[in-house]
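Visitor: Below is the sequence, then the predicted model.
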Amino acid sequence: MRAVVQRVRSARVTVDDEVTGEIGAGLVVFAAVGAADAEADLAQMAEKIAGLRIFNDADGKFNLSLREVGGSILAVSQFTLFGDARRGRRPSFIEAAPPDQARALFERFVELLRGTGLPVETGRFQAAMQVDVCNDGPVTILLDTERRF
């Protein structure tokens with residue numbers, strides 16, 4: 001599983017002029033499920049995100065997690081995180097999970113995030129989404145359960 005985590009002041013997802021998810025301060029999580037991912041990968045990613053210490057303490061250091069600052073998560077499925085453009089100019093998505101598998105695993109990932117006690121909003125799986133993000137910092141973290149980066 002891969003994720004791009006951005007610290008935000010606010011964010012929202014719109015599909016066909018309908019807001020499907022909106023948060024104030026917190027994290028936007030663009031997440032992609034790989035073809036080989038299993039429950040353990042989802043759980044690892046959810047716990048990692050919930051515990052990431054990327055919020056400033058009183059001294060301006062990254063010492064606080066989302067739990068400690070009382071923020072929310074906006075989780076957006078984004079299979080293109082598995083795009084491999086090392087050859088040619090058109091990315092290959094062969095490592096991404098097929099849509100039915102990805103939908104079930106992404107929904108389980110969202111359940112696991114909610115299970116950490118954090119409020120979680122979402123986009124709409126397989127929809128053309130417009131994501132408005134007001135970055136805070138900006139702070140952007142790349143995560144991969146296979147630790148490729």
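Guide: Thanks, I have the structure now. The model shown is predicted, which means the values in this text are computed figures rather than measured ones.
Visitor: Can you name the residues in contact with stretch 57-74?
Guide: 8, 11-13, 21-29, 49-56, 113, 116-123 (C-beta atoms under 8 Å, 6 or more residues apart in numbering). In this view, the C-beta of every residue, glycine as well, is placed from N, C-alpha and C.
Visitor: can you pull the buried residues of that stretch?
Guide: L64, S65, L66, G71, S72, I73, L74 (16 or more other C-beta atoms under 10 Å).
Visitor: measure that stretch end to end?
Guide: 22 Å (C-alpha to C-alpha, to the nearest Å).
Visitor: residues contacting the most centrally placed residue in the chain?
Guide: With distances taken as C-alpha atoms, centre = their mean, the residue of the chain nearest its centroid is V29 (2.0 Å). Neighbouring residues of V29 by C-beta under 8 Å, 6+ apart: A3, V4, V5, I49, I73, L74, A75, V76, L113.
Visitor: and it, what pLDDT?
Guide: At V29, the model reports a pLDDT of 98.
Visitor: same check, this time on F149
Guide: pLDDT, F149: 70.
Visitor: Hmm, it is touching I141, no?
Guide: No - using C-beta atoms under 8 Å, F149 makes no contact with I141, being 10.6 Å away.
Visitor: Pull out the buried positions in the helix ranked longest in the chain.
Guide: Scanning the chain for the longest helix, with DSSP state H as the assignment, gives helix 99-115. For helix 99-115, burial by neighbour count (16+ other C-beta under 10 Å) applies to A102, L105, F106, F109, V110, L112, L113.
Visitor: would you turn those into JSON lines with pLDDT and distance to M45?
Guide: Formatted as JSON lines, the buried residues of helix 99-115 follow (pLDDT from 0 to 100; distance: C-beta to C-beta, whole Å):
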{"residue": "A102", "pLDDT": "97", "distance to M45": "14"}
{"residue": "L105", "pLDDT": "98", "distance to M45": "10"}
{"residue": "F106", "pLDDT": "98", "distance to M45": "11"}
{"residue": "F109", "pLDDT": "98", "distance to M45": "7"}
{"residue": "V110", "pLDDT": "98", "distance to M45": "11"}
{"residue": "L112", "pLDDT": "98", "distance to M45": "8"}
{"residue": "L113", "pLDDT": "98", "distance to M45": "9"}
